[in-house]
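In: Structure of the sequence below:
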Amino acid sequence: MSGINGGGTPYGTSALSPFCLEGLDQKETQEALSLKAILIKGNSGGIAMGAFLDKPKTVKHNSHGEGNGLHYGLSSMQGWRVEMEDAHSAVLGLPAPGMTDWSFFAVYDGHAGSRVANYCSKHLLEHIIRDSLVARGTQGFQAGSDSSTSDPSAPVPPRVEAVKAGIRTGFLRIDEHMRSFSEFRNGVDHSGSTAVGILLSPEHFFFINCGDSRAVLYRNSQVCFSTLDHKPCNPHERERIQNAGGSVIIQRVNGSLAVSRALGDYDYKCVDGKGPTEQLVSPEPEVFEVIRAPEEDQFVILACDGIWDVMSNEELCDYVKSRLEVSDDLERVCNEVVDTCMHKGSRDNMSVVLVSLPNAPKVSEEAVRKDAELNKYLELKVEEMLCRRGELFPDMVTVMRNLSTDSGMPPLPPAGGLASKRSVIEAVYSRLNPYREEDAMSLKKQKASMELVRNIRNPDFLDVEGVGSVVRAINSPSEEKQDSSSLKLDSDVAEEYTQLKPYAGMPKEVLLLYSSQARYRIPREIMFWLTVACTLALVALTITVIALSPRCLSWWQVSPVYQIYPRSFRDSDGDGVGDIKGIQEQLDHFEYLNIKSVWISPFYRSPMKDFGYDVEDFLAIDPLFGTMKDFEELLAEMHNKGLKLIMDFIPNHTSDQHRWFNLSRMRDPHYEDYYVWTDCNETGPRPNNWVTVFGNSSWTYDEVRGQCYLHQFLKEQPDLNLRNPQVRQEMIDIIHFWLGKGVDGFRMDSVKFILEAAHLRDEPQVDPNKSPESVTSEWDLHHDYTTSQLGLHDLLRDWRAEMDIYSREPGKYRFMVTQSYDYHEVDKTMMYYGTSLVKESDFPFNFYLMDLPQNTSGLWVQHLVHLWMANMPKGQWPNWLVGSHDKPRIASIAGQNYIRVINMLLLTLPGTPTTYYGEEIGMENINVTDSQIQDPAGKFNASASRDPQRSPMQWSGNMNGDFNNKTNVTWLPVHPDYKSVNVEVQKKDEGSVLAQYRFLNTLRQSELPLHRGWFCYIHADANVFSYLRELDGLDQAFLMVLNFGKESAITDLSSFPELPDQLKVLMSTNHVNNGKVLQKSHILTEAGEGLVIQYSTHTRFNPNHTKQCYVSEKACYVGAMDILYKC
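Out: Residues are numbered from 1 along each chain as shown. The predicted model follows:
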């Protein structure tokens, strides 16, 4: 029975159904009514869902029949449930013109009451027939009709499509009709029901399913077809539930209802503005049409979920087939099914309908003989166990356990096992059981008391009140006489006997007698309540500490993220291209910089049309970079060093060499809709005016398929159709694969592109007067239909949820960052954080500081920082970056004089900084000639080439900057300044860019104000941007004065009383100024110079300047205890 097992919507308060009391004697009936009264009282007017009886009701309702070339049998049983809520339908020959040779069978699995199931069993068919005939009238009578008659004057049955439409309409109509019933309208009855059925015509099966009951077709001795369960966790069902404002919690609708489609359940069908099929629970059935194969079809099974809880499709069909070979009595077969399922552990109502078709298995003499031999064997074995002399009579559990270990047992029915023969075993057990059921308790007491007497070695214990009476009640007169004579010893002998006999301890009854005395009981109770009080106090203290403690920062918040472009980082094998082993060789570089998080750009197998962003296989490493073994060794070594690995996840597109695309262009049924296809021809106009990121049309004609496919990047990068649930599942499987390998997080690439508008309309032009034929650049259009479409954030939340599964292990949090160039549409960017209730990415990449070189001034830098901080949702974590593999290096566009102050800004702002490889040493762009261009964007437009910022990493002054030391081949030229600008040289220079980067990163991680304190603007002008970092309760704070201007400047901060008059420079980008003492009214900085000033204060800045200050999570420091707490 589907529904709210264990709580939720209550049952109605009507009396137990007549079926529930069928076959009970007066005493049992009174027990059942008493049980119901207790349940009703305990649940304020209703029987709680999931209530069970002390023992199952095994009385069955049976029916059978034959006609229209088939036989059927059915069985239903209440089982362990307090109430029978199932119902069924079985009709041979439908009462409608042209449908007398049709049949209908259905099972209705009620929950929270039987009202809906019972009503549907009587009236659903008439709604289906009526609506099928109406649909037939509107669609015509001839083509596609389904009848075995050739008489032109005979009534023509409805068309296949009319039947399917009639079934759907019938379900919706009966659901709407029942809504008007007073008990549902007034909220007295909250019941609902799933429904599974089959409509059989001479030529077709029409399988009907609404809920989680199931129908199975058995053909050619195997399961040919099965309906699909409607569960809230199914993607389509979950999407509908969420669109209706609901949620799926512990795989239930709003945490209560375990099915997502059902009739009734009107508490879940009251969302305003939504149609009946758009509600939290939908009454719409799925209808599957299967053409009959008379020579191959064998039988159809319809059953509620009480059957499927303990048997799979194949197991049930194999079991039924084996029973049909023993008996052609379909009622008997159905009864054996429900009995077997109950013995296998099902505690639900159970209903099953078996429809036998002409080609069904026939009774086999061999099968009958073997079944009889098995029954005889079991009877003999049970008799043997029960009749052994000198042994206690075994209980039924012991008998079953012994039989299950019997190695000589003949083969049991497939999938039924020993449970299917429980009735045979119980029959023998009941026949040979010498004790009546009502004597069971007294027998138990006798055994226990006999054991007591045997174990009493001190005869005085027999005089204790209660024990002697027990003994006397047990012993026969002769035994009593013998015992009394044995106890008539003189005192000397008794004393001697007592001294010599070892003391065996008190029996349980005597121990309980003494332990209940006040002198023992009171201290024991005092100790118990003291223990309880101490435990509660400890729990309360623990909860208080946890509640008041701020959340510990995760690994991605503590350390900068370092981006590696694998082609350019380190070449280990001399082929001119960086690789995985090369990265592993340089892991000490991250330890030197105190960096813990490393993001590696794509290394999937790829034809390299876009250097790895055109993926041919998401589950393989490209041989250019190494092998999967190389990757696993790299990951293991990183984890050994305490490093975290973040990799790129590319959900929008694949390579046109991907297996999925090749199958899709061949119209393979499974992969046909994996990509975005639409009709067009090779020479005609494209479907619309959409253009790629690299320029020109987003549509390319495919000769094999004869359609155009969408690609928002290169034509070799076809866009995936992420509206297809199968594609969504493929993406989830990819996430699981890499997380299973141990990857620590993902950068979600180009997320705004992953969905497109289904209507494929032209996008509006930026310049409406421009000729449509001249629209070739992405900047020519407003991308209203190709980016940030509805459903995008649902996908990201689903992926976040999958990653959270792997984050449950302490210390194993899986990080997610999204990448989307939304260009100053800051509201769209902030949406990637998610909401206060549903999380998406840990943060979306913040690209605003990349615009810093446009206007190097203090005011401009403050504007870019404020643009993020003012719009970031409350409580979220900021992040900053100034370069990437897609943008020119900051040292080239801002100038080498400013790289130090930019790194200082990056590492002292609140949040997580991201460093693109080489920025820590001030690497600049290289000059690339037209013949050297590798980047696809550069081949389309040389000025847009991204090759200059992707040059090989400069490790030393050796050949090729030690990018490789085996050959003189590099995939791009090494920058000519590599002899002076490299890691090895700068490690030796305390004033180098590298040394200052390392110092600032270490300072950021070691000082509380810098990694989790307040951030407050102090001052900004044409040259200087100044801000401070402080933490409440801590008397140490940091002031940053950064000169981004073209000239030296004097900054006067005397108007801020929170600052001390004298300030000492902790670090200057001009290292000769380190340690200088400055007056706050006269802080001199040269162009491109930055100062980090540490000072002591007892006056906080943020309380008096709230509009200038930000903090992600407020925390205060208690110096006496050296702890943080929420404040």
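
In: Mind listing residues that contact the helix or strand that contains residue 62?
Out: If you go by DSSP states H and E, residue 62 is part of strand 52-67. By C-beta atoms under 8 Å, 6 or more residues apart in numbering, the list of residues contacting strand 52-67 from outside reads 19-20, 22-23, 32, 35, 71-82, 84, 90, 92-93, 103, 330-331, 334-335, 338-339, 342, 347. C-betas here are computed from N, CA, C, even on glycine.

In: Of the residues you listed, keep whichever come out buried.
Out: With burial judged by 16 or more other C-beta atoms under 10 Å, the buried subset of the contacts of strand 52-67 is 19-20, 32, 35, 71-82, 84, 90, 92, 103, 330-331, 334-335, 338-339, 342, 347.

In: List the pairing partners of the strand holding residue 62 within its sheet, with orientation.
Out: strand 70-81 (antiparallel) (DSSP bridges).

In: Mind listing what's buried along the strand holding residue 62?
Out: 53, 56, 57, 60, 61, 64.

In: ditto for stretch 943-955
Out: Across stretch 943-955, burial judged by 16+ other C-beta under 10 Å covers 945, 946, 947, 948, 949, 950, 951, 952, 953, 954, 955.

In: So which elements touch the longest helix belonging to the chain?
Out: Using DSSP state H, we find that the single longest helix of the chain is helix 518-548. Helix 518-548 is packed against helix 508-515, with contacts defined by 3 or more C-beta pairs under 8 Å, 6 or more residues apart in numbering; DSSP states H and E.

In: just how off-centre is the helix it packs on within its chain?
Out: Centroid separation for helix 508-515 versus its chain: 54 Å, with C-alpha atoms, centre = their mean, to the nearest Å.

In: Equivalent analysis for stretch 1104-1123, please.
Out: 36 Å.

In: got it, and stretch 996-1009?
Out: On C-alpha atoms, centre = their mean, the centre of stretch 996-1009 falls 37 Å from that of its chain.

In: With stretch 945-961 instead?
Out: Worked out by C-alpha atoms, centre = their mean, stretch 945-961 lies 43 Å from the chain centre.

In: Rounded mean pLDDT for that stretch, please.
Out: Summarised as a single mean, pLDDT over stretch 945-961 is 95.

In: Next: stretch 780-791.
Out: 95.

In: Quick one: residues in contact with that stretch.
Out: Against stretch 780-791 from outside (C-beta under 8 Å, 6+ apart): 689-691, 698, 712, 723, 752-753, 755-757, 759-761, 763-767, 770, 774-775, 822, 828.

In: Can you point out the buried residues in that stretch?
Out: Neighbour counts over stretch 780-791 (16+ other C-beta under 10 Å) mark 780, 781, 783, 785, 786, 787, 788, 789 as buried.

In: now do stretch 668-685
Out: Across stretch 668-685, burial judged by 16+ other C-beta under 10 Å covers 671, 672, 674, 675, 676, 677, 680.

In: Strands - which of those residues land there?
Out: If you go by DSSP state E, the buried residues of stretch 668-685 have residue 677 in strands.

In: In JSON lines, list the buried residues of stretch 668-685 along with pLDDT.
Out: Shown next, in JSON lines, are those (pLDDT from 0 to 100):
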{"residue": "671", "pLDDT": "98"}
{"residue": "672", "pLDDT": "97"}
{"residue": "674", "pLDDT": "98"}
{"residue": "675", "pLDDT": "98"}
{"residue": "676", "pLDDT": "98"}
{"residue": "677", "pLDDT": "98"}
{"residue": "680", "pLDDT": "94"}
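
In: Tell me which two of the buried residues of stretch 668-685 sit farthest apart.
Out: Greatest spatial distance among the buried residues of stretch 668-685 (C-beta to C-beta): 671 and 680, at 20.2 Å.

In: and the helix or strand containing residue 727, average pLDDT?
Out: Counting by DSSP H and E, the element that carries residue 727 is helix 725-741. Averaging pLDDT along helix 725-741 gives 97.

In: do the same with stretch 115-130
Out: On average, the pLDDT along stretch 115-130 is 92.

In: can I get the CA coordinates of it in CSV?
Out: Output in CSV follows, covering the C-alpha atoms of stretch 115-130 (Å, rounded to 0.1, in the frame of the first residue of the first chain):
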residue,chain,number,x,y,z
ARG,A,115,-13.1,5.3,0.1
VAL,A,116,-11.3,6.2,-3.1
ALA,A,117,-10.2,2.7,-4.0
ASN,A,118,-13.7,1.3,-3.5
TYR,A,119,-15.4,4.0,-5.5
CYS,A,120,-12.9,3.7,-8.4
SER,A,121,-13.3,-0.1,-8.5
LYS,A,122,-17.0,0.4,-9.3
HIS,A,123,-17.0,3.5,-11.5
LEU,A,124,-13.6,4.1,-13.2
LEU,A,125,-14.4,1.8,-16.1
GLU,A,126,-17.6,3.6,-17.0
HIS,A,127,-15.7,6.9,-17.1
ILE,A,128,-13.1,5.4,-19.4
ILE,A,129,-15.6,3.8,-21.7
ARG,A,130,-17.7,7.0,-22.0
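
In: Not counting that stretch itself, show me its contacts.
Out: Stretch 115-130 is contacted from outside by 12, 85-89, 91, 94-96, 99, 104, 106, 108-110, 166-167, 169-171, 173-174, 177-178, 181, 183-184, 189, 191-193, 195, 197, 199, 263-264, using C-beta under 8 Å, 6+ apart.
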